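Colleague: give me coordinates for this.
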Amino acid sequence: MPLTMYKLSIPAFKRGFSALGGLLDKAEAFAVESGTPLDELFNARLAPDMLPLSGQIQRASDTSKNAIARLTTLEVPRFPDDEKSFADLQARIVKTVAFLETVAAEDLDGSETREVTLSFPTLKVTFSGEDYLLKFVLPNFYFHLTTAYDILRHKGVPIGKADFIGSLE
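Modeller: Numbers count the residues shown, from 1 in each chain. Model (predicted):
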């Protein structure tokens with residue numbers, strides 16, 4: 001069976017969010033055991049000019065939803081970036097995954113050739129749908145997942161590669 005835009009996106013997003021939810025669970029347990037305030041983890045960042053943990057999760061959510069919006073004709077939910085707690089971040093993950101579960105393989109049929117144009121302050125780029133997914137969306141999604149992992153690891157949360165990769169079944 002050939003690879004499809006659906007197989008390259010939706011399962012990867014759902015798996016990433018499953019791992020991210022697990023990382024947040026471990027971070028909360030670590031905070032309780034170590035006496036680390038949850039706000040210290042929630043607002044932690046690797047560098048002053050980078051988004052904090054909460055922002056990394058918000059951007060992973062937005063990246064996946066926006067990709068579906070640009071590659072299909074589906075109406076995607078918009079979530080304000082108003083999360084204030086770990087419970088809020090977990091809820092954001094749940095809402096994002098719930099949306100992704102409504103996307104059918106047929107919704108992405110033909111999207112590999114759909115034209116997607118992104119405008120940045122100093123750059124405008126037009127991709128085929130396939131290039132958009134492979135060269136922009138997936139790297140961006142994994143950047144934010146990895147950065148969330150790195151923030152938690154840097155703060156001492158006992159997580160490892162297996163927590164990031166998740167189940168191999």
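Colleague: please count neighbours and contacts with C-alpha atoms only from this point.
Modeller: Fine.
Colleague: and residue 142, what helix or strand is that in?
Modeller: For residue 142, the host element (DSSP states H and E) is helix 138-154.
Colleague: which residues touch that helix?
Modeller: With contact meaning C-alpha atoms under 8 Å, 6 or more residues apart in numbering, helix 138-154 is reached by 9, 13, 16, 20, 23, 27, 41, 44-46, 53, 56-57, 59-60, 63-64, 159-160, 164.
Colleague: dump that helix to CSV, restricted to CA.
Modeller: What follows is helix 138-154, C-alpha atoms only, in CSV (Å, rounded to 0.1, in the frame of the first residue of the first chain):
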residue,chain,number,x,y,z
LEU,A,138,6.7,17.7,9.9
PRO,A,139,10.1,19.4,10.7
ASN,A,140,8.2,22.2,12.5
PHE,A,141,6.0,19.8,14.4
TYR,A,142,9.0,17.7,15.6
PHE,A,143,10.9,20.9,16.4
HIS,A,144,8.3,21.9,18.9
LEU,A,145,7.9,18.4,20.3
THR,A,146,11.7,18.0,20.7
THR,A,147,12.0,21.5,22.3
ALA,A,148,9.2,20.6,24.8
TYR,A,149,11.1,17.4,25.6
ASP,A,150,14.4,19.3,25.9
ILE,A,151,12.9,21.9,28.3
LEU,A,152,11.6,19.2,30.6
ARG,A,153,14.8,17.2,30.4
HIS,A,154,16.8,20.3,31.1
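Colleague: which strands and helices sit next to the following helix or strand past that helix?
Modeller: Toward the C-terminus, helix 138-154 is succeeded by helix 161-165 as the next helix or strand (DSSP H and E). Judged by 3 or more C-alpha pairs under 8 Å, 6 or more residues apart in numbering; DSSP states H and E, helix 161-165 is in contact with helix 5-34.
Colleague: how far off centre is the helix it packs on?
Modeller: 9 Å (C-alpha atoms, centre = their mean, to the nearest Å).
Colleague: no further queries at this time; thank you.
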